[in-house]
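Novice: Predicted coordinates and the sequence they were generated for:
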Amino acid sequence: MSQKFDTILKSGTVVNQDGEGVRDIGIAGDRIAAVGSLGSAGAGQIIDCKGLHILPGVIDTQVHFREPGQTHKEDLETGSRSAVMGGVTAVFEMPNTDPLTITEQTFADKVKRGRHRMHGDFAFFIGGTRENVQDLADLERAPGCAGVKVFIGSSTGALLVEDDESLRRIFKVIHRRAAFHAEDEYRLNQRKHLRIEGDPHSHPVWRDEVAALMATQRLVSLAHETGKRIHVLHISTKEEIEFLRDHKDVASCEATPHHLTMAAPECYERLGTRAQMNPPVRDAGHRDGIWRGIEQGIIDVLGSDHAPHTLEEKAKAYPASPSGMTGVQTLVPLMLDHVNAGKLSLARLVDLTSAGPARLFNIAMKGRIAAGYDADFTIVDLKRVETITNKWIASRAGWTPYDGVKVTGWPVGTFVRGRRVMWQGELVTPSTGEPIRFLETLKQ
Ligand code: DOR
């Protein structure tokens, strides 16, 4: 080939729709120009990737980056820095900021804040409420919008639509797949007295598996009734997996690394309120059930649910302690460790972190290593043994529940639209994050 490229990634093991094999990747501008054997083709730079695996850029479909309003915990710059340091090339960010992301203005403000300040590409969810329901059909098509997100059980922030009638109104007006935090608010309220002051072990007792299953069942029934698609975020129970297996026509779902890695009671004994999340981490039976959902193809995507709070906030006595932990930077290393332990194949990981998000959310030009697609790559050393530490975490919150955990498999490079953003643990290129384009938001 006599073509000249800006960059050639030489002799990496490429994992894509074609399987796994040693190939070169030629990059021109933002895009992949060629994949294969590029022989002696010229390039501005040639990067030797021998011995490394090149995955399509990992897309984390659930993060909370806290800007505007709670930037003492995180902001769009620090959250996205944490993402690229961990090999994540693009994120979908959640609307429970302050002010809430529920209007054209608050949405446009976030896109403006993110552009060329975030280190990777980004999309924002628009929060669905009783008040903005009449605007949602327009709002969900704004450039950079990942779709509508609804909390049907309350968590961090003020977003909540708990009743079927209001949910039905939202379902009727929207066209895209909407994402849901599925815990039944009525049941959560009835069971609040089960929280034990100072004891986070009672968190999954209060927010039990029935609350999660009830909410997911209600959403599936509304989706069937209105003919709409739903995405159930952070599945925490084996019962939801079994139920969703029979509703894949309308429902997609997400698993998180913490629900796949931690289990009660051990996590609460060891980490206290640092393990407190909504929906909660439950016992090993649920963790195994979610792994079955990965094995059986029922889970469509992984999201970290990166939800930073400061250590001071987390140190409050339960239940005054906020729910949430960092996760965007540890998603890739933890999941590579699971690959090395034989829990899933590398191909399945790619399906969950790039092809899956692209398929569910109709992402334009991401999710594959193919000519014409954005040159987004997560480059990993499958054999590298590292210890995750708080010091490594670039999030403003500055901590991880996996501090001291040894893993095999490590992200060594992050490419975003042709630019080498992270290499061997260093941030090497200034931020150039752009809104992700979706088939429904192609107008720029
Ligand atoms: O634990 C959680 N924390 N779950 C959520 O749904 C929200 C998140 C947050 O924003 O802190």
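Specialist: Received, thanks. Numbering: from 1, shown residues only.
Novice: Partner strands of the host helix or strand of residue 381 and their direction?
Specialist: Assigned by DSSP states H and E, residue 381 falls within strand 377-387. Strand pairing for strand 377-387, using DSSP bridges, gives strand 53-56 (antiparallel), strand 406-416 (antiparallel).
Novice: for stretch 227-237, which positions count as buried?
Specialist: Neighbour counts using 16 or more other Cβ atoms under 10 Å place 228, 229, 230, 231, 232, 233, 234, 235, 236, 237 of stretch 227-237 among the buried residues. Heads up, the C-betas are built off the backbone N, CA and C, glycines and all.
Novice: chain center to the longest helix along the chain, what's the gap?
Specialist: Ranked by number of residues, the top helix in the chain under DSSP state H is helix 209-226. Distance, stretch centre to chain centre, for helix 209-226: 22 Å (Cα atoms, centre = their mean, to the nearest Å).
Novice: by contact count, what packs against it?
Specialist: Judged by 3 or more Cβ pairs under 8 Å, 6 or more residues apart in numbering; DSSP states H and E, the packing partners of helix 209-226 are helix 164-173, helix 185-190, strand 230-232, helix 238-245, strand 251-255.
Novice: quick one: low-confidence ranges for this protein?
Specialist: For the chain, residues meeting the criterion pLDDT under 70 lie at 1-2, 444.
Novice: Contact distance from the ligand - what residues of it qualify?
Specialist: 64, 96, 155, 156, 181, 277, 278, 307, 323, 324 (Cβ under 6 Å from any ligand atom).
Novice: can you tell me which of the residues you listed are in strands?
Specialist: residue 181 (DSSP state E).
Novice: farthest-separated two in the residues of the chain next to the ligand?
Specialist: 96 and 277 (14.1 Å; Cβ to Cβ).
Novice: What sits closest to residue 77 if chain neighbours are left out?
Specialist: Nearest residue to residue 77, sequence neighbours excluded (Cβ to Cβ, 6 or more residues apart in numbering): residue 117, at 5.4 Å.
Novice: swap in residue 281?
Specialist: Per Cβ to Cβ, 6+ apart, closest to residue 281 is residue 262, 4.7 Å.
Novice: My read is that that neighbour contacts residue 275, right?
Specialist: Yes: between residue 262 and residue 275 there is a contact under Cβ atoms under 8 Å: 6.2 Å.
Novice: Need the residues touching each of these two.
Specialist: 281, 401 (Cβ atoms under 8 Å, 6 or more residues apart in numbering).
Novice: more neighbours, these two?
Specialist: residue 275 (26 against 22; other Cβ atoms under 10 Å).
Novice: By proximity to the ligand, which residue of the stretch 101-250 of the chain wins?
Specialist: residue 156 (3.2 Å; Cβ to the nearest ligand atom).
Novice: residues contacting that residue?
Specialist: Counted by Cβ under 8 Å, 6+ apart, residue 156 has contacts 64, 96, 278, 307, 322, 323, 324.
Novice: one more time with 7 Å, if that's ok
Specialist: 96, 307, 322, 323, 324 (Cβ atoms under 7 Å, 6 or more residues apart in numbering).
Novice: Next: residue 279.
Specialist: So residue 279 contacts 183, 207, 212, 234, 236 (Cβ under 7 Å, 6+ apart).
Novice: The first one: neighbour count?
Specialist: The burial metric for residue 183, expressed as a neighbour count using other Cβ under 10 Å, is 27.
Novice: Just the buried residues of stretch 279-299, please?
Specialist: Under 16+ other Cβ under 10 Å, the buried positions of stretch 279-299 are 279-282, 286-287, 289-291, 293-294, 298-299.
Novice: Which of those residues lies at the shortest distance from the ligand?
Specialist: residue 279 (7.4 Å).
Novice: could you say which helix or strand contains residue 10?
Specialist: Residue-wise, residue 10 maps onto strand 4-16 under DSSP H and E.
Novice: any idea how far that strand is from the chain center?
Specialist: 26 Å.
Novice: Buried residues in the following helix or strand past it, which are they?
Specialist: Toward the C-terminus, strand 4-16 is succeeded by strand 19-28 as the next helix or strand (DSSP H and E). Under the neighbour-count criterion of 16+ other Cβ under 10 Å, strand 19-28 has 23, 24, 25, 26, 27, 28 buried.
Novice: List the residues that contact the fourth one.
Specialist: What it means is residue 26. So residue 26 contacts 3, 5, 8, 33, 34, 38, 41 (Cβ under 7 Å, 6+ apart).
Novice: Residue 137 looks like it's in a helix, true?
Specialist: Yes: checked against DSSP: H, G, I helix; E, B strand; the rest coil, residue 137 lies within a helix.
Novice: nearest spatial neighbour of it, skipping sequence neighbours?
Specialist: Closest to residue 137 by Cβ to Cβ, 6+ apart is residue 173, at 4.9 Å.
Novice: my guess is that neighbour meets residue 139, correct?
Specialist: No: counting by Cβ atoms under 7 Å, residue 173 stays clear of residue 139, with 10.1 Å between them.
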